[in-house]
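Novice: any chance you can model this:
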Amino acid sequence: MLTSGHYVTGCKEYPALTTSRDGREPLANVRDRVQARVVGRERELALLLAAVAAGRDVLLEGPPGTSKSTLLRAITAEWGIPLVFVEGNADLTPAKLVGHHNPARVLREDYSPANFVDGPLVEAMRAGGFLYIEEFNRAPEDTINTLLTAMAERRIAVPRAGEVVARDTFRVIASMNPYDNIGTTRLSTSVHDRLCRLAITYQDAAAERGIVTLRAPVPDLKPAVYERLVADAVAVTRATRQHEDIRQGSSVRGAIDLTLVAGQLLKLDTPASESETPGRGDAAEQSHRDTVYDAMVVALSGRIFLDETVDVTPEQVLRQIWEDHFILDPAAAAPG
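Specialist: Here you go, the predicted structure:
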């Protein structure tokens, strides 16, 4: 176990990883505290926590909006170590990942370790933090290969700056979207061999309603109206993931934005916002339905990706989902 302490890099000071003051706290206690920061995800949290506590680097594979960064923030916050974010894209060169020498100081002083500017990889290694690379498979192959030595040896050689040895708490956490294969790099066997893999999918409807309630409060709405709005927002957002014309649907972030936008629209419609849950067929119910559709267009149209073979607009597909939810499903459930 590690003892407590601090590591200073630049002007930042990071506490070293420790599970408790005496280094003997059960990992289950850490899990329970982290769980308080997350809605659901009990199994995924246990698996991820076990992997990083065992010193492993991890590939998180799942669509956007499935709590990957939320889990990592909660774990690193509990352990008091930095979470260093990097976005994987074609512009992420090895030099940007590792770091560079300050050109102005090189002209005055020549190359030296003192004028080397740490990149995110070196920063995470020195501070003992988690290097979190989003859209991992969008980074160039030579940039991804730069990580191999750091993952295998926990050290890298930086030209003209010397060797950087990672602290014991350093981890590489990568994420990728399995449904996105445009502009991506095929990961090599060597990369896969150095990473544990955890697949993270969407949560169930109840958990997503809990997330929306936590992230999208609309305090001016009556509880019954708000509860109905959250349920509708989650239902139509989840429906985008099963629609035959949609290649990739929206994450729960769409339901969060839908709830917030619709909540503001409902507050503009005083009779609907001040009523209890609208009854089916009356003016308040129709106002609620129309408001949800308007919010769907704003919150979801940019988050759904249609199949390339279909000749429809996002608005048309969302209208169909709206009709299925508010007209066809209630009619099918009606008695007689």
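
Novice: got any ranges where the stretch 1-150 of the chain has weak pLDDT?
Specialist: 1-24, 101-108, 110-114 (pLDDT under 70).

Novice: please, where are all the strands along it?
Specialist: Assigned by DSSP state E, counting those that start in this stretch, the stretch 1-150 of the chain shows strands spanning 6-9, 12-15, 58-61, 83-87, 99-101, 116-118, 130-134.

Novice: and the contacts of the fourth one?
Specialist: Outside strand 83-87, the residues within contact range by CB atoms under 8 Å, 6 or more residues apart in numbering are 69, 72-73, 76, 92, 97, 120, 123-124, 127, 129-135. (C-beta placed from N, C-alpha, C; glycine too.)

Novice: show me how the chain divides into domains.
Specialist: Domain segmentation of the chain under automatic domain parsing yields 6-199, 205-329.

Novice: could the ones you listed be laid out in TSV, adding mean neighbour count?
Specialist: Output for the domains of the chain, formatted as TSV (neighbours: other CB atoms under 10 Å):
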stretch	mean neighbour count
domain 6-199	17
domain 205-329	18
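
Novice: and the residue nearest to residue 244 when sequence neighbours are not counted, how far from residue 249?
Specialist: In space, and not counting its chain neighbours, residue 244 is closest to residue 307: 7.9 Å by CB to CB, 6 or more residues apart in numbering. Counting by CB to CB, to the nearest Å, the gap from residue 307 to residue 249 is 12 Å.

Novice: check residue 300 too.
Specialist: Residue 300 is 9 Å from residue 249, by CB to CB.

Novice: touching both of those two, which residues are there?
Specialist: 237, 240.

Novice: can you show me the strands along the stretch 151-300 of the chain?
Specialist: Counting by DSSP E, counting those that start in this stretch, the strands of the stretch 151-300 of the chain are 155-158, 162-165, 171-176, 196-199, 246-248.

Novice: want to throw those strands into a markdown table with distance to residue 256 and mean pLDDT?
Specialist: Formatted as a markdown table, the strands of the stretch 151-300 of the chain follow (distance: least, CB to CB, whole Å; pLDDT from 0 to 100):
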| stretch | distance to residue 256 | mean pLDDT |
| --- | --- | --- |
| strand 155-158 | 39 | 89 |
| strand 162-165 | 40 | 88 |
| strand 171-176 | 20 | 94 |
| strand 196-199 | 23 | 94 |
| strand 246-248 | 18 | 92 |
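
Novice: give the contact list for residue 46.
Specialist: residue 31.

Novice: distance from the chain centre to stretch 317-329, please.
Specialist: With CA atoms, centre = their mean, to the nearest Å as the basis, stretch 317-329 stands 28 Å off its chain's centre.

Novice: follow-up on the earlier one: return the subset of the contacts of strand 83-87 lying in helices.
Specialist: Among the contacts of strand 83-87, the members found in helices (DSSP state H) are 69, 72-73, 76, 97, 120, 123-124, 127.

Novice: ok, of those residues, which one's closest to residue 209?
Specialist: Nearest to residue 209 among the ones in helices among the contacts of strand 83-87: residue 69, at 20.7 Å, using CB to CB.

Novice: Provide a list of residues in contact with the closest one.
Specialist: 85, 132, 134, 175.

Novice: residue 132 versus that one, what's the distance?
Specialist: 7 Å.

Novice: what do those two both touch?
Specialist: With CB under 8 Å, 6+ apart, residue 69 and residue 132 have common neighbours 85, 175.

Novice: so how far is residue 225 from the closest residue to residue 27 other than its chain neighbours?
Specialist: In this structure, residue 27 finds its nearest non-sequential neighbour in residue 53, 5.7 Å apart by CB to CB, 6+ apart. Here the criterion is CB to CB. By it, residue 53 lies 44 Å from residue 225.

Novice: residue 323 too?
Specialist: Distance from residue 323 to residue 225, by CB to CB: 22 Å.

Novice: also residue 55?
Specialist: As judged by CB to CB, residue 55 and residue 225 stand 50 Å apart.

Novice: distance of the closest residue to residue 149 other than its chain neighbours relative to residue 126?
Specialist: Sequence neighbours aside, residue 156 is the residue nearest to residue 149 in space, at 5.3 Å (criterion: CB to CB, 6+ apart). Separation of residue 156 from residue 126 (CB to CB) stands at 11 Å.

Novice: what do these two both touch?
Specialist: Residues touching both residue 156 and residue 126 by CB under 8 Å, 6+ apart: residue 164.
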